Structure formats: structure tokens, C-alpha cells
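>>> show me the folded form of this:
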Amino acid sequence: MGGWCTLCPLLAWLHGGWLPAKQYRIGGDGETLSSLIASRDWVNSGPWIDKADGFSYSAANASLISAQAAPPAMHIYSDADSYLGNPIDVKRWAQQTGQTQAHVHLTEYDHVKMLTAKSAAHAGEHFEQVGGFIVHCALCTHIAHSRNRPTIHRGGTM
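Numbers count the residues shown, from 1 in each chain. You can find the predicted model right below:
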């Protein structure tokens, strides 16, 4: 994480607030200096409170969970991802948000390749798990909506 916490913000500052990560072959797309700093602050701190507006992601998520309104989440991480999808940070985020049920632990994909590698679509790879999770969420949403659907009778809704 050292390069992302120190070198990358410096490079972004030298480029006028933009890190051209592709140019340096250290990422799939660029990052703004403010995004790098926000990521660094979250990774190096306790509960994430946005410094720009004081918003507490932990408190907001806790209220969603207590109201049973938290959206489903699947956490995908890889040992080969040294930035946003590394196991330590993703597990910490899942813990902080209280959404620890669905995890996919990869070993050989970096941050970009975990979503773009052609091998990820092969049988037994994580695209199957992600697809199953999406179908499961869609079915749960459909069932929940159909239970709350009003009954239609002649003359209107009851």
C-alpha cells in the first residue's frame, strides 16, 4: 500500500491533480488526487468518516442494517491485488459495513484482471459466483416486491 499512499499522490500532484495510472502501468484507469487521498485516509484509519463533508459511512450503514434495508453486497478480493481489492482492506470494509456474508477470495487476479480476464468466465471461476449472486438478489427482490404488491379487485386497489 506504500506506493498508493505516498508515491501515487505525489505523481498525481505532479500531474496537476490526476494520476495517469495506465501511463505508469500501475492501474486500469486514472485516479484523482482527492480520490487517492480519500482511499488512503480510509485504509489508514478507523471507521470511515468523509473528511470533505463529515459523512459517516459506518453510521449510515448501521442505520440501514437496523432497518433491514441494507443492499446486498458481494465482496471480491485477491491476494494479487495490492490496491482496492486486497484481502485486508476488503475484509475490513465488510466488517465495517456489517455485510460479511458473500465473499469471493481470489489468488491470481490483480485489481483489473479480476473483472476483465477471459479466464474469469470459465467454469469454476468467480464469474459464476458473481452471476449466481446477482440472480439470487434479483429473485429475492422479485419475491419481496410481489409480497408487497397490492391485490387488484374490481373497482380498484385494496
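
>>> what does stretch 96-103 rub up against?
If you take Cβ atoms under 8 Å, 6 or more residues apart in numbering as the criterion, stretch 96-103 is touched by 47-48, 57-58, 61-62, 65, 70, 72-77, 94, 133. The C-beta positions use only the backbone N, C-alpha and C, and glycine is treated the same way.

>>> now a ChimeraX select for only the buried ones of those residues.
Here is the ChimeraX command that selects the buried residues among those (16 or more other Cβ atoms under 10 Å):
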select :48,61,62,70,73,74,75,76,77,94,133
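
>>> in the protein, which spans are strands?
Under the criterion DSSP state E, the chain contains strands at 18-19, 31-32, 74-78, 102-106, 152-153, 156-157.

>>> would you list those strands in TSV and tack on distance to residue 126 and mean pLDDT?
Listed next are the strands of the chain as TSV, based on distance: least, Cβ to Cβ, whole Å; pLDDT from 0 to 100:
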stretch	distance to residue 126	mean pLDDT
strand 18-19	27	94
strand 31-32	24	92
strand 74-78	7	88
strand 102-106	5	84
strand 152-153	42	43
strand 156-157	44	43
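
>>> just put those in JSON lines and tack on distance to residue 122.
Shown next, in JSON lines, are the strands of the chain (distance: least, Cβ to Cβ, whole Å):
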{"stretch": "strand 18-19", "distance to residue 122": "33"}
{"stretch": "strand 31-32", "distance to residue 122": "30"}
{"stretch": "strand 74-78", "distance to residue 122": "16"}
{"stretch": "strand 102-106", "distance to residue 122": "13"}
{"stretch": "strand 152-153", "distance to residue 122": "46"}
{"stretch": "strand 156-157", "distance to residue 122": "48"}
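
>>> what about residue 80, how many residues close to it?
Neighbourhood size, residue 80 [other Cβ atoms under 10 Å]: 15.

>>> now do the contacts for the nearest residue to it once chain neighbours are set aside.
Excluding the flanking residues, the one nearest residue 80 by Cβ to Cβ, 6 or more residues apart in numbering is residue 110, at 4.9 Å. Neighbouring residues of residue 110 by Cβ under 8 Å, 6+ apart: 78, 80-82.

>>> OK, contacts around the most centrally placed residue in the chain?
The residue lying closest to the centre of the chain (Cα atoms, centre = their mean) is residue 75, at 6.6 Å. By Cβ under 8 Å, 6+ apart, the contact list for residue 75 reads 90-91, 93-94, 99, 102-104.

>>> same thing with residue 50?
Applying Cβ under 8 Å, 6+ apart, the residues near residue 50 are 38, 56-57.
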